[in-house]
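Novice: what follows is a predicted structure for the sequence shown.
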Amino acid sequence: MSIRIYNEGQINYIRKAGEILYKTFEMLKNNILEGVRTKELDRITEEFVRENNGITPCKGYRGYPANICASINEELIHGIPGNKKLNNGDIISIDIVVSYKGYLADAARSFIVGSTNEKNKKLLEVVEKSFFEGIKYAREGLYVGDISKNIQQYVEQNGFSIIKEFAGHGVGRRMHEEPEIPNFFTGNKGARLKAGMVLAIEPMIAIGRPNVRVMSDGWTIVMADRKYAAHYENTIVIKSNGEPEVVTLMQR
């Protein structure tokens, strides 16, 4: 499949999806509390997005049973919300896609429940900062590999592991579009960046070794050594001049 280039009218719909997504995470911040069940976070997300004229298309996507992915501690991604209660010190990574008038934005955040140790705090700090290090190179005329290389360098310089089995991607009309955007340099510079490309950049990192495995539910990806992981993602638009636009943040 070729890489889609979106026009300004289409990007406006993606911006609106991103705005809803940003507001959803702001709402969730106040509800990620000790004792809350992850299925409750799923329920309030669906309601909030719907109230804001959006849709949560993850539910039913390839059979996925929920509106959000809620991954706790050693769970990296694709954790299914359920009856599990959050405990003080947990790290929960939440990944959400919002659709507005058929156009999608994708974002993920990792949160600490209550208080935790300095290593876990640094894990969250580094995964977020690695995104911003990567998008310094998300400019027309540069390459996907430039983003990948700089994410990897920042993460590894700070003593954490990059998970290589999963990657960022194009997004817009579909949840996963071309190009694939690894969080490490593959040795191939990849696709050349052009104005109008819409990309979901999503570093995934861990405290321990980068090996992962799939749980018996067929969805949840966990760290094989059971050490904690974190995930941070935003949807960006490549511009014809200057920095990319991050549509899932309000500082635009």
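Specialist: Received, thanks.

Novice: tell me the contacts of residue 19?
Specialist: Contacts for residue 19 (Cβ atoms under 8 Å, 6 or more residues apart in numbering) come out as 247, 250. (Each C-beta comes from the backbone N, C-alpha and C, glycine too.)

Novice: hang on, it in a helix?
Specialist: Yes: counting by DSSP: H, G, I helix; E, B strand; the rest coil, residue 19 is located in a helix.

Novice: next one: it from residue 26, what distance?
Specialist: 11 Å (Cβ to Cβ, to the nearest Å).

Novice: over to residue 171?
Specialist: Residue 171 is 21 Å from residue 26, by Cβ to Cβ.

Novice: neighbour count: those two, which is higher?
Specialist: residue 171 (24 against 11; other Cβ atoms under 10 Å).

Novice: measure stretch 59-79 end to end?
Specialist: 13 Å (Cα to Cα, to the nearest Å).

Novice: in it, which residues are buried?
Specialist: Within stretch 59-79, the residues that count as buried by 16 or more other Cβ atoms under 10 Å are 64, 66-79.

Novice: which one of these is nearest to residue 103?
Specialist: residue 67 (17.8 Å; Cβ to Cβ).

Novice: so what's that closest one up against?
Specialist: Applying Cβ under 8 Å, 6+ apart, we find residue 67 in contact with 42, 45, 46, 49, 56, 58, 59, 81, 96.

Novice: can you tell me the element it falls in?
Specialist: Residue 67 belongs to no helix or strand when assigned by DSSP states H and E.

Novice: quick one, phi/psi of the residue nearest to it when sequence neighbours are not counted?
Specialist: In this structure, residue 67 finds its nearest non-sequential neighbour in residue 56, 3.9 Å apart by Cβ to Cβ, 6 or more residues apart in numbering. When read as degrees, to the nearest 10, the backbone of residue 56 gives phi -100, psi 90.

Novice: okay but residue 56 is in contact with residue 46, surely?
Specialist: Yes: between residue 56 and residue 46 there is a contact at 5.5 Å, judged by Cβ atoms under 8 Å.

Novice: which of those two has more neighbours?
Specialist: Neighbours per residue (other Cβ under 10 Å) separate residue 56 from residue 46, with residue 56 holding more: 24 against 19.

Novice: ok, that one to residue 220 distance?
Specialist: Applying Cβ to Cβ, the value for residue 56 to residue 220 is 19 Å.
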